[in-house]
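Chemist: coords below, sequence missing:
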Ligand SMILES: [Fe+2]
Ligand SMILES: [Fe+2]
């Protein structure tokens with residue numbers, strides 16, 4: 001039985017792989033591939049963040065009773081910090097600026113590494129636990145549906 005943590009951790013790995021493909025394209029100055037792969041990463045992570053903010057974090061806040069000052073507030077503020085880097089990556093890919101793209105992508109990767117670790121080690125497991133088996137299973141279905149819609 002897949003948990004919310006399994007499903008979302010898998011999606012983190014898919015985002016990382018997408019980010020990696022875009023970096024490969026930037027390194028080889030393959031502009032159509034960079035624009036395609038960077039666009040795919042940005043669409044994927046935007047969907048991931050939307051799923052967290054619209055569905056998972058509110059469920060976490062409700063089931064644990066932790067809202068303002070709690071971990072969801074930290075995660076939301078880290079999502080906000082990512083926004084300028086998303087814009088830099090998009091702009092650099094459009095401008096065929098490999099160095100600019102790679103600088104922003106590297107910063108993105110560093111933020112994501114810590115952010116994802118906090119979600120995987122703390123938030124998602126707490127959510128799985130606080131929801132209980134039945135509600136967690138229903139949420140896994142919703143997550144899968146939302147993430148599959150990307151394909
Ligand atoms: Fe997140
Ligand atoms: Fe996440």
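Modeler: On my side now, so go ahead. Just so you know, these numbers come straight off a predicted model, no measurement behind them. Residues are numbered from 1 along each chain as shown. Ligands and ions are numbered 1, 2, ... in the order given.
Chemist: what helices or strands is whichever strand or helix holds residue 25 leaning on?
Modeler: Under the criterion DSSP states H and E, the helix or strand holding residue 25 is helix 4-27. Contact here means 3 or more C-beta pairs under 8 Å, 6 or more residues apart in numbering; DSSP states H and E; on that basis helix 4-27 packs against helix 31-51, helix 71-94, helix 98-118, helix 124-131, helix 133-148. (C-beta placed from N, C-alpha, C; glycine too.)
Chemist: and it with helix 124-131, angle?
Modeler: Helix 4-27 and helix 124-131 are oriented at 150 degrees to each other (axes from the mean of the first three to the mean of the last three C-alpha atoms, to 10 degrees).
Chemist: quick one: low-confidence parts of this structure?
Modeler: Applying pLDDT under 70 to the chain flags the ranges 150-151.
Chemist: now the helix holding residue 25 and helix 98-118, what's the angle there?
Modeler: With the same axes, to 10 degrees applied, the angle from helix 4-27 to helix 98-118 works out at 170 degrees.
Chemist: and for helix 4-27, what are the contacting residues?
Modeler: With C-beta atoms under 8 Å, 6 or more residues apart in numbering as the test, helix 4-27 has contacts from 31, 33-34, 36-38, 40-41, 44-45, 48, 52, 56, 89, 93, 98, 101-102, 105, 108-109, 112, 116, 119-120, 124-125, 127-128, 131, 136, 139-140, 143-144, 147.
Chemist: Filter the residues you listed down to the buried ones and hand me the PyMOL line.
Modeler: Buried subset of the contacts of helix 4-27, written as a PyMOL selection, criterion 16 or more other C-beta atoms under 10 Å:
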select buried, resi 34+37+38+40+41+44+45+48+52+56+89+93+98+101+102+105+108+112+116+119+124+127+128+131+136+139+140+143+147
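Chemist: Return the distance of residue 18 relative to residue 25.
Modeler: Relative to residue 25, residue 18 is positioned 11 Å away (C-beta to C-beta, to the nearest Å).
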